[in-house]
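Undergrad: Give me a model of this one.
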Amino acid sequence: MATNVSSAVKTVWWMLLVRGILAVIFGVIALVSPGIALLALVFLFGIYAILEGIAAIVAGVRSRGGESHWGWQIVQGVVSVIAGVIALAWPGVTALALLFIVAFWAIVLGIAEVVQSFTARRDGSGTWGWALAAGVVNVIFGVVLLVWPVTGILALVWLVGIFMLIAGVATIVWAFRARSAVQEMAGGAPAA
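TA: Here you go, the predicted model:
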């Protein structure tokens, strides 16, 4: 079993390293040039939506005789393809729509957390104040995104950039630790 794990890590540690490096590069781009990062995210979404839509259409057509919901798969596929084309044709509109989705999500989530906090307080929970604080912060965040959308988009891209930097560094460290563990298991022999 240890040999199988060792072999697998020897084969993929460098893939983790590449993944971490790419995440760090994207994080730096998001922080230094958020417009390019936002455009890249919109294009990735557009390409994903088109490919997912094509896959759903093919699955719907193939299951036409055997499944009763095949038509809905085709509808889902067509909607996904249309969303992908819109994202690629009008990336600015897509970015703004994404911002509004996040804003409304934050507001609804925040309201739910505020209501939950009052219920928790009524039930005697000692953590109700934290839920209330989280709810208020979410509502404020959503309102700020709606009032200042350009600043909101920039803030979202910066948050993604910071996350990608942290995740990338963690993945790079993980890759080297995995490689070192395999070397130790193999008695110091260099990993491939």
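Undergrad: Could you use CA atoms for every contact and neighbour count after this?
TA: Fine.
Undergrad: from the chain's centre, how far out does the helix or strand hosting residue 114 sit?
TA: For residue 114, the element it lies in under DSSP states H and E is helix 91-122. Relative to the centre of its chain, helix 91-122 is centred 17 Å away, using Cα atoms, centre = their mean, to the nearest Å.
Undergrad: how about the CA coordinates for the following helix or strand past that helix, as PDB?
TA: On the C-terminal side of helix 91-122, the nearest following helix or strand under DSSP H and E is helix 128-147. Provided in PDB are the C-alpha atoms of helix 128-147 (Å, rounded to 0.1, in the frame of the first residue of the first chain):
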ATOM      1  CA  TRP A 128     -26.400  34.700  18.800                       C
ATOM      2  CA  GLY A 129     -24.300  37.900  18.700                       C
ATOM      3  CA  TRP A 130     -21.800  36.500  16.300                       C
ATOM      4  CA  ALA A 131     -24.600  35.400  13.900                       C
ATOM      5  CA  LEU A 132     -26.100  38.900  14.200                       C
ATOM      6  CA  ALA A 133     -22.800  40.500  13.400                       C
ATOM      7  CA  ALA A 134     -22.200  38.200  10.400                       C
ATOM      8  CA  GLY A 135     -25.700  39.000   9.100                       C
ATOM      9  CA  VAL A 136     -25.300  42.700   9.400                       C
ATOM     10  CA  VAL A 137     -21.800  42.600   7.700                       C
ATOM     11  CA  ASN A 138     -23.300  40.500   4.800                       C
ATOM     12  CA  VAL A 139     -26.200  43.000   4.300                       C
ATOM     13  CA  ILE A 140     -23.800  46.000   4.400                       C
ATOM     14  CA  PHE A 141     -21.500  44.200   1.900                       C
ATOM     15  CA  GLY A 142     -24.400  43.500  -0.500                       C
ATOM     16  CA  VAL A 143     -25.600  47.100  -0.300                       C
ATOM     17  CA  VAL A 144     -22.100  48.500  -0.900                       C
ATOM     18  CA  LEU A 145     -21.800  46.300  -4.000                       C
ATOM     19  CA  LEU A 146     -25.100  47.600  -5.300                       C
ATOM     20  CA  VAL A 147     -24.300  51.300  -4.500                       C
END
